[in-house]
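need a structure here:
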Amino acid sequence: MRNERRTVGRIDARFLGIDRDAAGDEPEFDPSIAAIIGPYSGMLNDYVSQRSEIPTAICPTEVLTARVRPWNYEPYENRYVNVAETLRKAMTQKSVSGTCL
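I've put the predicted structure just below:
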């Protein structure tokens, strides 16, 4: 729908957005994410704070955060990655001295 300067939601195509620049290679934002991110983040933070031993004031849950950018896949290029041990450690360890894992 570029000729109408519209963006279709990637998660839910029922949501439409309006791009400032219809000539761009990528849309400015995903209108379906913009519609749900607030309620979803609030619900997730409430769920985690009520069912976790880690206080959300110390370790806030971030949804679709940009803090992990830039992505770096260099150590894993051209090979399979086994994250089972990393996942096992994360699932079995608890917060140490009020820090996030």
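
drop to CA atoms for contacts and neighbour counts, all remaining ones
Noted.

pLDDT weak spots in this structure?
Residue ranges of the chain with pLDDT under 70: 22, 24, 53-60, 94-101.

Can you list the residue ranges for strands in it?
With strands called from DSSP state E, the chain shows them at 6-8, 16-18.

Any chance of those in a markdown table with distance to Tyr80 and mean neighbour count as columns?
Below are the strands of the chain laid out as a markdown table (distance: least, Cα to Cα, whole Å; neighbours: other Cα atoms under 10 Å):
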| stretch | distance to Tyr80 | mean neighbour count |
| --- | --- | --- |
| strand 6-8 | 33 | 19 |
| strand 16-18 | 37 | 17 |
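
Any chance of TSV for those strands, columns distance to Thr86?
Shown next, in TSV, are the strands of the chain (distance: least, Cα to Cα, whole Å):
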stretch	distance to Thr86
strand 6-8	36
strand 16-18	38
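
nearest to Arg79, of these?
strand 6-8 (34.4 Å; Cα to Cα).

And the contacts of the closest one?
Strand 6-8 has contacts (Cα atoms under 8 Å, 6 or more residues apart in numbering) with 1, 14-19, 22, 27, 30-31.
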